[in-house]
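model this:
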Amino acid sequence: MKLTTRYAELDDLPKVFEMYIEAMDELGEAYDDNDAMEYILSCWSKAPCILLDDGDIIGFAGLTTFAPCYDKKRAYLREYMFFVRPDKRGIKAWRTLTKAVQSVSDKFKLQFVGEHRLKGDIQTHLRLIKMAGAKPVAVTSIYGDY
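Residues are numbered from 1 along each chain as shown. Below you'll find the predicted structure:
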């Protein structure tokens, strides 16, 4: 089936919330349902949430904006969550969603800064990032499991 993208509407919020919680669980993150919903709604007020659809909603790129503490005059676009259902993951889904994010970046003339929280082989993810035309510029390390 053909993959399409569209901006989420208020009626889509329950599905986005469900996938957000699924992604948090997959990442092993702790969360509070009320705080998670408040965060999603806050992000929706700043930037679009893009849905990936193949007849059903199978993923989303939840976007938001931020200004770094060292330059409050400049805004950037970033994701609060980039998620595709595990049974639908693949290059085609990833490319479709990534192109939609690039389109938002171009439309609003905001540089996109992606934060990739990965499990598995980092080299594979770096190839995907480069394939999308992005330039990897940093790696984050986490020490401890607190």
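
When you work out contacts or count neighbours from here on, use the C-alpha atoms and nothing else.
Fine.

Which secondary structure state does the most centrally placed residue in the chain sit in?
The centre of the chain sits closest to Phe82, judged by Cα atoms, centre = their mean, with a distance of 2.5 Å. Look at Phe82: counting by DSSP: H, G, I helix; E, B strand; the rest coil, its state is strand.

Grab the nearest non-local neighbour of it.
Ala61 (4.4 Å; Cα to Cα, 6 or more residues apart in numbering).

need the strands for the chain, in chain order.
Along the chain, counting by DSSP state E, strands occupy 4-7, 49-53, 57-66, 76-84.

and the ones you listed, which is most packed in?
Across the strands of the chain, averaging neighbours per residue (mean count of other Cα atoms under 10 Å) puts strand 49-53 on top, at a mean of 24.

Sheet partners, orientation included, of it?
Strand pairing for strand 49-53, using DSSP bridges, gives strand 4-7 (antiparallel), strand 57-66 (antiparallel).

ok now the longest one, how far from the chain's centre?
Yep, that's strand 57-66 we're talking about. 4 Å (Cα atoms, centre = their mean, to the nearest Å).

Dump it to CSV, restricted to CA.
Only the C-alpha atoms of strand 57-66 are listed here, as CSV (Å, rounded to 0.1, in the frame of the first residue of the first chain):
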residue,chain,number,x,y,z
ILE,A,57,-1.7,5.7,10.9
ILE,A,58,1.5,3.7,11.3
GLY,A,59,3.9,6.4,12.5
PHE,A,60,4.5,10.0,13.2
ALA,A,61,7.1,12.7,13.4
GLY,A,62,6.2,15.0,16.3
LEU,A,63,7.9,18.3,15.8
THR,A,64,8.6,21.3,18.0
THR,A,65,10.8,24.3,18.1
PHE,A,66,13.5,25.5,20.4
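
Good, we can wrap up now.
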